[in-house]
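1. I need the structure of the sequence given here:
(2 chains)
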Protein chains: 2
Amino acid sequence: MNQPKPEDQPRYPFQSAPDIDFWPVTHQVLSVEIRAKTIAVLWDDNQKSCFHPLWLREQCPCPDCHHPVTRESIMDLLRLPEDLYAQDVSLDDAGYLIVTWSNDAHTSRYHPGWLRANSYDDWARKPTQRNRITWGEALDLTVFDGKKTLEDDGELYDWLSYLELHGLALVSNVPTSKGTVQELAERIGVIRSSNFGAVFDVMSKPEADSNAYLTIGLPLHMDLPTRECPPGLQFLHCLKNEAEGGESQFVDTFEVARALKVEAPEIYKIITTVDFPFRNRAVDSDYRWQGPLIQLDAAGNPVETRINTFLPTPILNMNNKELESVLKAKYHLFKMVNESRFLIQFKMQSGDMVVFDNRRVLHARSEFFPQTGERHLQGCYMDRDELYSCLRVLERHQRERGMAPAI
Amino acid sequence: MNQPKPEDQPRYPFQSAPDIDFWPVTHQVLSVEIRAKTIAVLWDDNQKSCFHPLWLREQCPCPDCHHPVTRESIMDLLRLPEDLYAQDVSLDDAGYLIVTWSNDAHTSRYHPGWLRANSYDDWARKPTQRNRITWGEALDLTVFDGKKTLEDDGELYDWLSYLELHGLALVSNVPTSKGTVQELAERIGVIRSSNFGAVFDVMSKPEADSNAYLTIGLPLHMDLPTRECPPGLQFLHCLKNEAEGGESQFVDTFEVARALKVEAPEIYKIITTVDFPFRNRAVDSDYRWQGPLIQLDAAGNPVETRINTFLPTPILNMNNKELESVLKAKYHLFKMVNESRFLIQFKMQSGDMVVFDNRRVLHARSEFFPQTGERHLQGCYMDRDELYSCLRVLERHQRERGMAPAI
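-> Down below sits the predicted model:
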């Protein structure tokens, strides 16, 4: 049996896999048989993969089943019989799996790299949880180089991996021309516009439609808790910070959650289960949403926070007895996120850019005094899944260049 | 006691309410007292509102507590004592509630229209569920006038109310110049860009990165099920539809869910609880998400669907026995959404625009034949909460003009 030939692995192996990805061949298929209706593959390291016939049929990569350009399915799934089975299975000379199906004698050919990576037997299961390191005041923030992240995919990958892990990353040496925040953000993905525009200028404005556009200090908060899905990433690029004051603070609420769960479990329960309302205040919009101050996933891990003290919104769905414990829990959390053990603080310099997960890391700034100098930041938002998508594409390119292991 | 004077109700009563809204005075406060720590208000229709002191303190509208321009809170919430109480309560000549607080003798003044609308005693609770009418093949789709919706807020409100109720609305007589879809969408809110751009052209393209840009029929589907929060609204504006074929179909999945729950409860359970993975196929992106095909809220009502047959993504987190029942349920649902009892169908004409809730209503198109004529649609996306925000702002304006009742 031969290793798949180079011509079977073009940059995007359109005819070899039902998607646009790169699947290095790490193991050869030794044999295949039909066992209890499944297509059972034996690998050269003695592992076995058993594929359900309907599951495997859906993934047929041939140009009649997956469009050769879009790589989206063009099969009529509704015509597949529920009791579909494999009529015949074999291996071809290139080590691909060949299956002929019961209903219409269609033949499918599966790439061994794709088959191995998409095995779902117990031994093959991969963790689905995103990587994460929670942090407090001791965090020694790594600083990335802005010019390199603009030019070099390796630096971009290191920066974004750090951002995914910590929910916060600092870049220095970013060109201080206006609009650079957009250029750097678009290295990752699509910018998310809001009622504050695509790119917003954080500076003192006379007709401020947000406290951010005043000179007052801003307590620890997230942006847009009023939205069903608040922005995941927030970019803040410092063009000038010559005024006295205007220091930045950041807190990882997932670390606060970890501590709260241990220190005050009854408060933690309220914070993670009771919906709190949020409503904005603007002439042309009226966004409202509600959710727990800390939202847990099915496994009990924090996935999202909604914390903002300057948009206190009337709670209208409980009586005063419930309200008493709910408000007590809210104030407990508000005080806790302000404890110094959770807080890191620094003053952004011209050319610095912070990016943080707005649904995890709170930000604050101290009052600044515009008569002592100019302070001007530019910012923008992006959904969280743009970050994950970008990391996956960079990892795909690394696999193509043999710089990362197979999935 | 007097009705609040006109000068107390400017267009946005900045000093009267802690937000930017209009609160018509429908009832007068007869008396106020402190009862069991709450501020207890007696209304002229004999209803009673009992406000929790911390709850009420947070909403103080004075310029020291809510910024006079942004209307966001500038109070330091952390300084409020947990056992805060009202030292003194009274009514002023204009019928406002006056409260002096225990900790710092701060005095707050509350507008009676705002107080009444934000009462949360049992009698005052309002439904929080959005309005909805599910539909099947019998739907007689109301057609709205595109030119009027661009110019007239009344027509805009009727159109959007219909859209909120049905998850689908048709507008005709929309100018067929390119970019009009953006103009009409921006009557509602902020457009959501995606990897397909801000405004996308649905037509046959040689380098198609989606089946939508081919001429083949598209089975019933939603767009971007691969995203954490898929686009809520999809706008499709027909510039030309002169080719043979290219008919549009729509299905309300919430109506399908209603029927499925009755007809096949065991399938319904799988469809509403098991996470299905979705993954896109593109050179520059790799979006992935997972969720139930029909997502229920805490009350068991459908809130969102993830249905797309041309992005079949390998399920990697269950064994073949579980997979057997999960795939069976998926195919059951796919066949059901295609039943004629749920389906409406029409051919869009030049100047038509459909808007639908992409997380509720599936869309499809039949194959078209470009050699018989041109077919060109322009589309864009928007998050659901832009629609809700716009409806609330329009309702606020109606209240200001006395054309809608107080909340």
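
2. nearest residue to A:Gly232 other than its sequence neighbours?
-> A:Arg384 (2.9 Å; CB to CB, 6 or more residues apart in numbering or on different chains). C-beta here means a position set from N, CA and C on the backbone, and glycine is covered the same way.

3. how much space between the one you found and A:Asp158?
-> 19 Å (CB to CB, to the nearest Å).

4. which one of these two has more residues nearby?
-> A count of neighbours by other CB atoms under 10 Å in any protein chain shown puts A:Arg384 above the other of A:Arg384 and A:Asp158, at 24 against 18.

5. What residues does A:Phe368 make contact with?
-> By CB atoms under 8 Å, 6 or more residues apart in numbering or on different chains, the residues touching A:Phe368 are A:215, A:243-246, A:375.

6. switch to 6 Å and redo it
-> A:215, A:243, A:245-246, A:375 (CB atoms under 6 Å, 6 or more residues apart in numbering or on different chains).

7. What is the nearest of those residues to B:Thr180?
-> A:Arg375 (40.7 Å; CB to CB).

8. Give the bridge partners for the closest one, please.
-> Beta bridges link A:Arg375 to A:Asn241, judged by DSSP bridges.

9. Counting neighbours, what do you get for it?
-> A:Arg375: 23 surrounding residues under other CB under 10 Å.

10. Give me the distance between it and chain B.
-> 18 Å (CB to the nearest CB, to the nearest Å).

11. Surely A:Phe278 touches A:Ile315?
-> No. Using CB atoms under 6 Å, A:Phe278 makes no contact with A:Ile315, being 10.6 Å away.

12. Quick check: A:Ser31 is in a strand.
-> Yes. The assignment for A:Ser31 is a strand, going by DSSP: H, G, I helix; E, B strand; the rest coil.

13. What parts of the stretch 1-150 of chain A come near chain B?
-> Listed as neighbours of chain B in the stretch 1-150 of chain A under the rule CB under 6 Å from any CB of the partner chain: A:19-20, A:38, A:52, A:54, A:58, A:69-73, A:77-78, A:118, A:120.

14. Now a PyMOL select for only the buried ones of these.
-> Here is the PyMOL command that picks out the buried ones among those, judged by 16 or more other CB atoms under 10 Å in any protein chain shown:
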select buried, chain A and resi 19+20+38+52+54+58+69+70+71+72+73+77+118+120
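
15. How about the contacts made by A:Phe235?
-> Listed by CB under 6 Å, 6+ apart, the contact partners of A:Phe235 are A:181, A:185, A:355, A:379-380.

16. and it, that one's in a strand?
-> Yes. Counting by three-state DSSP, A:Phe235 is located in a strand.

17. follow-up on the earlier one: most neighbours, which of the contacts of A:Phe235?
-> Top of the contacts of A:Phe235 by neighbour count (other CB under 10 Å): A:Val355, with 29 neighbours.

18. Identify the residues contacting the helix or strand harbouring it?
-> For A:Val355, the host element (DSSP states H and E) is strand A:353-357. For strand A:353-357, contacts defined as CB under 6 Å, 6+ apart pick out A:163, A:167-171, A:174, A:233-237.

19. Equivalent analysis for stretch A:45-63, please.
-> Stretch A:45-63 has contacts (CB under 6 Å, 6+ apart) with A:17-18, A:27, A:38-42, A:84-86, A:108, A:119, A:121, A:123, B:312, B:320, B:323, B:327.

20. Try it again at 7 Å.
-> Residues outside stretch A:45-63 that contact it (CB atoms under 7 Å, 6 or more residues apart in numbering or on different chains) are A:15-18, A:27, A:35, A:37-42, A:80, A:84-86, A:99, A:101, A:108-109, A:115, A:119, A:121, A:123-124, B:312, B:314-315, B:320, B:323-324, B:327.

21. May I have that stretch exported as CSV, CA atoms only?
-> Extracted C-alpha coordinates of stretch A:45-63, given in CSV (Å, rounded to 0.1, in the frame of the first residue of the first chain):
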residue,chain,number,x,y,z
ASP,A,45,-1.4,1.5,14.7
ASN,A,46,-4.1,-1.1,15.5
GLN,A,47,-6.8,1.6,16.3
LYS,A,48,-10.3,0.9,14.8
SER,A,49,-12.7,3.5,13.4
CYS,A,50,-16.4,2.5,12.9
PHE,A,51,-18.3,4.8,10.7
HIS,A,52,-22.1,5.0,10.6
PRO,A,53,-23.3,4.5,6.9
LEU,A,54,-25.5,7.6,6.8
TRP,A,55,-22.8,9.7,8.5
LEU,A,56,-20.2,8.6,6.0
ARG,A,57,-22.6,8.9,3.0
GLU,A,58,-23.2,12.6,3.8
GLN,A,59,-19.5,13.3,3.6
CYS,A,60,-18.9,11.8,0.1
PRO,A,61,-16.4,14.3,-1.4
CYS,A,62,-17.1,13.5,-5.1
PRO,A,63,-18.2,16.4,-7.3
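
22. Report the buried residues of it.
-> A:49-61.

23. Okay, domains of chain A per the record?
-> According to automatic domain parsing, chain A comprises the domains A:6-122, A:143-392.

24. for these, which one ends up most surrounded?
-> domain A:143-392 (a mean of 19; mean count of other CB atoms under 10 Å in any protein chain shown).

25. any idea how far the residue in the stretch 101-250 of chain A that chain B sits nearest to lies from A:Ile267?
-> At 3.8 Å from chain B, A:Cys229 is the closest residue in the stretch 101-250 of chain A, using CB to the nearest CB. Computed as CB to CB, the A:Cys229 to A:Ile267 distance reads 26 Å.

26. Repeat that for A:Ile74.
-> 54 Å.

27. Kindly report the same for A:Ala364.
-> Counting by CB to CB - A:Ala364 and A:Ile267 are separated by 22 Å.

28. what do you get for A:Lys148?
-> Distance of A:Lys148 to A:Ile267, computed by CB to CB: 44 Å.

29. Look up the closest residue to A:Ile34, ignoring the ones flanking it.
-> Leaving aside its sequence neighbours, A:Ile34 sits nearest to A:Ala86 (CB to CB, 6+ apart; 5.4 Å).

30. any weak-confidence spans in the stretch 1-150 of chain A?
-> For the stretch 1-150 of chain A, the stretches with pLDDT under 70 are A:1-15.

31. so where do the helices sit in it?
-> Here the stretch 1-150 of chain A has its helices, by DSSP state H, counting those that start in this stretch, at A:53-58, A:112-117, A:146-151.

32. what distance separates the first one from the centre of its chain?
-> This means helix A:53-58. 29 Å (CA atoms, centre = their mean, to the nearest Å).

33. residues in contact with the closest residue to A:Lys347 other than its chain neighbours?
-> Nearest non-adjacent residue to A:Lys347, counting by CB to CB, 6+ apart: A:Glu247, 4.7 Å away. By CB under 7 Å, 6+ apart, the contact list for A:Glu247 reads A:345-347, A:365-366.
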